[in-house]
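Participant: here is the input, now give the coordinates:
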Amino acid sequence: MTALRQDAGDLGVQVVRVPPATLIDEALAQFRSVRRLVGKKQSLAAQRELAVCGAMFATVLGEILFNQGAFPLAAQWYGIARRSAEEAGDQYLADIALAGSTYLPTYALDPRAVLANVTPRLETKHPPSPAIAWLWGFRGKAHAMLGEADAFQRSIDRARQALDRSSPDLIQPGIFSFVPEKLAFYEARGWVELNDADAASAAADRAISLYDFTETTEPALARFEQASAYAQAGELTEACRIATTAVVDRRTYHGITVVARAHEFDRLLGPSTCESVLDWREVLTSLRKPQLALAATHTEVD
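Facilitator: Residues are numbered from 1 along each chain as shown. The predicted structure is shown next:
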């Protein structure tokens, strides 16, 4: 059981450092191993540990499928993860699965659905944790998308408080935590939505200074916020240079988040025909939504 949990934790880190789809076979195989063990007679303690491991592997699968743009399947795996965590009595992992599932309405550009997803949990009693900070971060981004600057700032402040008061051993790389650079990236995103270029630039610079650039998506996303701030300030040449750097970096995975953010950044540029914008748009044409054979994942959730 200890080895299974370690494997799940390792996958939760690897999935942000390699192209996520390359891990799908391993994650599915591990989830199946857990399911086979659940079918055998086990002590209550062992059953609980298996439920925890199942929740972790299902969260990894949700992350992979989200990055591939397979939102309905990702939602199902995040649901499995949350139910398994709740069965095990592990509220932290349940909150992580809830946060992961909130990517889906966020990238569907549905801020009210984001609020509907996170608010019930945030309105219950909860100790500070990285997972709770993540939920507050999502709530902040949703308020920013709705143009609600005061509510955005309050939510970001609550996220920062939750993270500052969290147990340090919970703040670590990977999808089973939430780190200060990710909060700075969320804050930058909110200020871009609210058209405050100076605040967005400061938050994006802070995020970029903290990120581990071996990660495959979030450093690029933080760069897009930095580029967006420059675009909003009218500095299109520098904006396009930064955005191009984000896309062409060999470590950047062109998953759904990067592709979506690249197109959102492009819309900020408007109809400009300056050379830097035209060069950027040639780079943009190289981006394609990721593809993945999903048949195996269907069989697990049916």
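Participant: how about the helices in the stretch 101-250 of the chain?
Facilitator: Under the criterion DSSP state H, counting those that start in this stretch, helices of the stretch 101-250 of the chain are mapped to 111-122, 130-145, 149-164, 180-193, 197-210, 218-232, 236-248.
Participant: switch these over to CSV; also include mean neighbour count, mean pLDDT and distance to Leu65.
Facilitator: Every C-beta, even on glycine, is put in place using the N, C-alpha and C of the backbone. Shown next, in CSV, are the helices of the stretch 101-250 of the chain (neighbours: other C-beta atoms under 10 Å; pLDDT from 0 to 100; distance: least, C-beta to C-beta, whole Å):
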stretch, mean neighbour count, mean pLDDT, distance to Leu65
helix 111-122, 17, 98, 17
helix 130-145, 26, 98, 18
helix 149-164, 19, 98, 26
helix 180-193, 25, 98, 20
helix 197-210, 19, 98, 25
helix 218-232, 26, 98, 18
helix 236-248, 20, 97, 23
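Participant: closest to Pro20 out of these?
Facilitator: Nearest to Pro20 among those is helix 218-232; the distance by C-beta to C-beta comes to 12.3 Å.
Participant: ok and the closest one relative to helix 180-193, angle-wise?
Facilitator: 30 degrees (axes from the mean of the first three to the mean of the last three C-alpha atoms, to 10 degrees).
Participant: can you show me the CA trace of helix 218-232 as CSV?
Facilitator: Written as CSV, here are the backbone C-alpha positions of helix 218-232 (Å, rounded to 0.1, in the frame of the first residue of the first chain):
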residue,chain,number,x,y,z
GLU,A,218,2.2,26.8,-16.0
PRO,A,219,5.4,28.7,-16.6
ALA,A,220,4.2,29.3,-20.2
LEU,A,221,0.8,30.4,-18.9
ALA,A,222,2.5,32.9,-16.5
ARG,A,223,4.4,34.2,-19.5
PHE,A,224,1.1,34.8,-21.3
GLU,A,225,-0.1,36.9,-18.4
GLN,A,226,3.1,38.9,-18.6
ALA,A,227,2.7,39.3,-22.3
SER,A,228,-1.0,40.2,-21.9
ALA,A,229,0.0,43.0,-19.4
TYR,A,230,2.4,44.4,-22.0
ALA,A,231,-0.3,44.2,-24.7
GLN,A,232,-2.7,46.1,-22.5
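Participant: what packs against it?
Facilitator: helix 180-193, helix 197-210, helix 236-248, helix 256-269 (3 or more C-beta pairs under 8 Å, 6 or more residues apart in numbering; DSSP states H and E).
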